[in-house]
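No sequence on hand, only this structure:
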């Protein structure tokens, strides 16, 4: 892709997101503040025994999140283990226990890490009834938690933060499903396949005939991108022509990954009654996204390598897609990250190490950046000697402890998981013998990337690592589970603490959090926290490899 086309594509992307920001953001705010239920929603409530008018305290909200997710893990695990007895299994056997465990956790945590070739491992029933369902509802869980935190800032002296079952169902029925239907139609028009004809025969350009699975690819692609889920029906992911046929569908898929996360700041501003706060969060996300895109693109252009890149997209179309993917916790890729230059691949890691807040996953990005905002306000209060306040709420020891625990959780999982893989002799021998095909610095980077992706619920990978082993299935599955639900515990506890406070009027000493200065402080906080945490381990892997 020539430079002017890349600039035009980037400008088109910015224009589409700018047009969608206000209507979509306001629509999502109405979805979560409306007192009315749709008929289909009332039917679901009756079926599961939920009173949609009853709100929940933060512990009850958390119990709903955990119960729903654990049941989801059991269902997806069971479907995989029973696959050979299910219809439309395509003759595939049951998925082995370790891989089924890893995959069930992966999709329920909105990670979609895949340690297998999807078309050769999963039949249609598992794909549709298990994995595709989680593409919707796991994303809806993230949106629900973000909305609960926003209510914590918006409410005064309240003991409740909403109703998880209502928030999750509304996010699925009113936001994700309608957008996925429209997106699937667009992708079908672009050449993505959508049928249930089993194995079809096609004629390749060479005239040979081969069998390919003709599953519901277009709808799954739309679902996974809107929900910022990784994975795909084909092992080539979004580089496969059945998933991403042309340069313009590449742009469509990038829009799908960004449109909800970049519109949620508007929802936040609307719900707290100050839309300027939403613009400040949006500006922070935009600055971090553009800086990351510039760095990854510069590193790849300087290397000039097209290894692992689809020629239809080229270097520029690949870096735009993969920057989007790794900053939104999507994990879908249209080029092989393992083939990127050491520093280009490092940027994909850095995007996740920033906490995926630029703009981050659906819902997860918003609650992540709001937690960092709490830290930033606290730092500013220390510098000027004032009690920190954010949106009229005092940030005392309890709030700062919860925010700090949130910040520490993911790095701990990444560094402990990577360290154990090399520090324990038996595990190291197994990893080096069965998993790493690129020994040395790059092999270390592959393992580091795997734990970074798992703990941040991204799902992308350096493809040179064979992760379908007992150790990595178990360790990465554990990292995905804890990386998803421990932060949610801290976020909901923070939401409950904030909701219980009365609102404090702004004074001359209150830090304005809607101005460019605060945007700069927030960007600096994100970078500072990540740099202090991850720089040493990056120096052992991609930085050292890049300096060779």
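Thanks, I have it. Note that the coordinates shown come from a computational prediction; the quantities given were computed from them, not determined experimentally.

Stretch 88-105: end-to-end distance?
Its first and final residues considered, stretch 88-105 spans 23 Å by CA to CA, to the nearest Å.

What of stretch 53-60?
Stretch 53-60 stretches 15 Å from its first residue to its last (CA to CA).

Give me the number of neighbouring residues for residue 233.
26 (other CB atoms under 10 Å). The C-beta positions use only the backbone N, C-alpha and C, and glycine is treated the same way.

what about the residue lying closest to it once chain neighbours are set aside, distance to residue 132?
Sequence neighbours aside, residue 217 is the residue nearest to residue 233 in space, at 5.0 Å (criterion: CB to CB, 6 or more residues apart in numbering). Distance from residue 217 to residue 132, counting by CB to CB, to the nearest Å: 11 Å.

So which of these two has more stuff around it?
The neighbour comparison of residue 217 against residue 132 (other CB under 10 Å) goes to residue 217, with 25 against 21.

hang on, the earlier thing: help me confirm that the residue nearest to residue 233 comes into contact with residue 238.
No: when contacts are counted by CB atoms under 8 Å, residue 217 is not listed as touching residue 238 (10.7 Å).

quick one: buried residues of stretch 310-330?
Within stretch 310-330, the residues that qualify as buried by neighbour count (16 or more other CB atoms under 10 Å) are 310, 312-330.

from those residues, which ones fall inside strands?
Judged by DSSP state E, the buried residues of stretch 310-330 include no members of strands.

Helices of the stretch 1-150 of the chain, start to end?
For the stretch 1-150 of the chain, the helices defined by DSSP state H, counting those that start in this stretch occupy 3-33, 39-48, 58-81, 97-108, 118-121, 124-125, 133-154.

Redo the ones you listed as a markdown table? Include mean neighbour count, distance to residue 249 and mean pLDDT.
Converted to a markdown table, those look like this (neighbours: other CB atoms under 10 Å; distance: least, CB to CB, whole Å; pLDDT from 0 to 100):
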| stretch | mean neighbour count | distance to residue 249 | mean pLDDT |
| --- | --- | --- | --- |
| helix 3-33 | 15 | 12 | 95 |
| helix 39-48 | 12 | 31 | 96 |
| helix 58-81 | 18 | 28 | 98 |
| helix 97-108 | 25 | 24 | 97 |
| helix 118-121 | 19 | 20 | 85 |
| helix 124-125 | 19 | 23 | 90 |
| helix 133-154 | 27 | 19 | 97 |
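
Could you dump the ones you listed into TSV with distance to residue 368 added?
Formatted as TSV, the helices of the stretch 1-150 of the chain follow (distance: least, CB to CB, whole Å):
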stretch	distance to residue 368
helix 3-33	17
helix 39-48	28
helix 58-81	16
helix 97-108	19
helix 118-121	28
helix 124-125	34
helix 133-154	9
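
For residue 423, find the nearest of those helices.
helix 97-108 (21.9 Å; CB to CB).

What are the contacting residues of that closest one?
By CB atoms under 8 Å, 6 or more residues apart in numbering, the residues outside helix 97-108 that reach it are 69, 72-74, 76-77, 80-81, 94-95, 111-116, 121, 130-131, 134-135, 138, 229, 231, 459, 468, 470, 473-474, 476-477, 480-481.

Low-confidence stretches in the protein?
Along the chain, the parts satisfying pLDDT under 70 run over 1, 195-215, 230-231.

residue nearest the centroid of it?
By CA atoms, centre = their mean, the mean C-alpha position of the chain lies nearest to residue 329, the distance being 2.5 Å.

Just confirm it contacts residue 455, I think it does.
No: using CB under 8 Å, residue 329 is not in contact with residue 455; the gap is 11.0 Å.

ok, back up a step: residue 342: which of the helices of the stretch 1-150 of the chain is closest?
Nearest to residue 342, of all these, is helix 3-33, at 22.8 Å by CB to CB.

In contact with residue 402: list those residues for me.
Contact analysis of residue 402 by CB under 8 Å, 6+ apart lists 490, 493, 494, 497.

Whichever of those residues end up buried, select them in PyMOL.
In PyMOL, this line selects whichever of the contacts of residue 402 come out buried by 16+ other CB under 10 Å:
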select buried, resi 490+493+494+497
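
I'd like the contacts of residue 402 laid out as CSV, including distance to residue 271.
Listed next are the contacts of residue 402 as CSV, based on distance: CB to CB, whole Å:
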residue, distance to residue 271
490, 21
493, 20
494, 16
497, 18
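
Could you export the contacts of residue 402 as a markdown table, including secondary structure and distance to residue 418?
Formatted as a markdown table, these follow (DSSP: H, G, I helix; E, B strand; the rest coil; distance: CB to CB, whole Å):
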| residue | secondary structure | distance to residue 418 |
| --- | --- | --- |
| 490 | helix | 23 |
| 493 | helix | 28 |
| 494 | helix | 28 |
| 497 | helix | 33 |
